[in-house]
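In: This is the structure alone, sequence omitted:
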């Protein structure tokens, strides 16, 4: 069973982020989705948006990516709690695909990863999607520790015009069922829910991506990343190991590496083996928006490898 997130007992061993400071004139109020307490952070705005603001209020960084299923489960929870907090803490969202240098600086190995910053110091909070009650408890503990350090301000959110506020869309019942099943680790139920949704809406890109994510999560559930990495290096022609390594790379956010690995394998195989690798790669393509440049380039590379 997945362990609930826990806040470190203290920030005594936290890492000082001052080395990441970079002078910038960029604003720290790049708000997203009509929520005044949620901001999108880039490598250029990080110093102002996170480090400087963390002396005023705790900043909770959500490292995510568009293709990540658990990220889509966690983000609404964090955003809801941030809105309820009314500026007592700030949610800073970092797209690991758009800001790879930040992901590397924080040594992000999997997403979603959530890290708190208070007075320029960080403390890892948790990884993966968790129920709202558990996340709420972590935020409560964070605010308590921040208060002990004198960080008790309020984030000065800019007013959002009514015309820019995006109303939350009602979630499809099958999509809701799929997300709940994923959270409980029941991938069979999640798969069935997405299949029902796609039977009704075959062109639903989010459902297609969701189903591909469920298949991926089911495959990597019992894998040991370190062992698979070692074995795949020692057995470069083993199809099963190479496909498992590509899955691990996808979960770790190394999308291009996963695609490249399987395209190279397509070049080296033939017959049924080639078809198996190709189908596995096509399944990984479904994890990413079809308009993503990486998918477009990799589909072209796959076609060249096949023909």
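Out: Done, it's in. Computed from a predicted model, the values in this text were never measured in an experiment.
In: Quickly list the domain ranges of the protein.
Out: The chain breaks down by automatic domain parsing into domains covering 15-162, 173-306.
In: And the residue positioned nearest the centre of the chain, how close does it get to residue 148?
Out: Nearest to the geometric centre of the chain sits residue 64, at 2.7 Å (C-alpha atoms, centre = their mean). Counting by C-beta to C-beta, to the nearest Å, the separation of residue 64 from residue 148 is 29 Å. C-beta here means a position set from N, CA and C on the backbone, and glycine is covered the same way.
In: Start from the N-terminal end of the stretch 151-300 of the chain and give the helices.
Out: 173-183, 187-200, 205-220, 225-234, 239-251, 255-268, 271-285, 293-306 (DSSP state H, counting those that start in this stretch).
In: Please enumerate residues in contact with the shortest one?
Out: Helix 225-234 is contacted by residues 238, 241-242, 244-245, 248, 252 when judged by C-beta atoms under 8 Å, 6 or more residues apart in numbering.
In: chain center to it: distance?
Out: 24 Å (C-alpha atoms, centre = their mean, to the nearest Å).
In: Show me what counts as buried in that helix.
Out: By neighbour count with 16 or more other C-beta atoms under 10 Å, helix 225-234 contains the buried residues 225, 228, 231-232.
In: Which of these scores worst on pLDDT?
Out: Across those, the smallest pLDDT goes to residue 225, namely 88.
In: Please tell me how far it sits from residue 252.
Out: Here residue 225 is placed at a distance of 8 Å from residue 252 (C-beta to C-beta).
In: so how many other residues sit close to the residue nearest to residue 280 when sequence neighbours are not counted?
Out: Spatially, and ignoring its direct neighbours in sequence, residue 280 is nearest to residue 243 (5.0 Å; C-beta to C-beta, 6 or more residues apart in numbering). By the criterion of other C-beta atoms under 10 Å, residue 243 has 22 neighbours.
In: show me what contacts residue 243?
Out: 262, 265, 276-277, 280.
In: Looking at the closest residue in space to residue 214 that isn't next to it in sequence now. What's its pLDDT?
Out: Leaving aside its sequence neighbours, residue 214 sits nearest to residue 190 (C-beta to C-beta, 6+ apart; 4.6 Å). Looking at residue 190, its pLDDT is 90.
In: cool, residue 183 as well?
Out: For residue 183, the predicted pLDDT is 70.
In: Look up how far residue 227 lies from it.
Out: Distance from residue 183 to residue 227, by C-beta to C-beta: 27 Å.
In: sorry, back to before: make JSON lines from the contacts of residue 243 and add pLDDT, distance to residue 35 and neighbour count to it.
Out: Below are the contacts of residue 243 laid out as JSON lines (pLDDT from 0 to 100; distance: C-beta to C-beta, whole Å; neighbours: other C-beta atoms under 10 Å):
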{"residue": "262", "pLDDT": "96", "distance to residue 35": "38", "neighbour count": "26"}
{"residue": "265", "pLDDT": "95", "distance to residue 35": "43", "neighbour count": "24"}
{"residue": "276", "pLDDT": "95", "distance to residue 35": "44", "neighbour count": "16"}
{"residue": "277", "pLDDT": "95", "distance to residue 35": "43", "neighbour count": "25"}
{"residue": "280", "pLDDT": "95", "distance to residue 35": "38", "neighbour count": "20"}
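In: Pipe these into TSV and attach distance to residue 171 per row.
Out: Shown next, in TSV, are the contacts of residue 243 (distance: C-beta to C-beta, whole Å):
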residue	distance to residue 171
262	33
265	37
276	35
277	35
280	30
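In: quick one on the thing from earlier: going through the contacts of helix 225-234, which ones are buried?
Out: Among the contacts of helix 225-234, those scoring as buried are 241-242, 244-245, 248, 252 (criterion: 16+ other C-beta under 10 Å).
In: between these, which is closest to residue 291?
Out: residue 252 (22.8 Å; C-beta to C-beta).
In: Next up, phi/psi of the nearest residue to residue 114 once chain neighbours are set aside, please.
Out: Leaving aside its chain neighbours, residue 114 sits nearest to residue 125 (4.5 Å; criterion: C-beta to C-beta, 6+ apart). Main-chain dihedrals, residue 125, degrees, to the nearest 10: phi -100, psi -60.
In: What of residue 126?
Out: The phi/psi pair for residue 126 (degrees, to the nearest 10) is phi -170, psi 170.
In: picking up where we left off before, worst average pLDDT in the domains of the chain?
Out: domain 15-162 (a mean of 81).
In: Hmm, residue 221 and residue 187 touching each other?
Out: Yes - using C-beta atoms under 8 Å, residue 187 is in contact with residue 221, at 7.4 Å.
In: who's more crowded, the two?
Out: residue 187 (19 against 9).
In: neighbours of the residue nearest to that one when sequence neighbours are not counted, just the number please.
Out: Nearest non-adjacent residue to residue 187, counting by C-beta to C-beta, 6+ apart: residue 218, 4.1 Å away. Neighbour count of residue 218, defined by other C-beta under 10 Å: 16.
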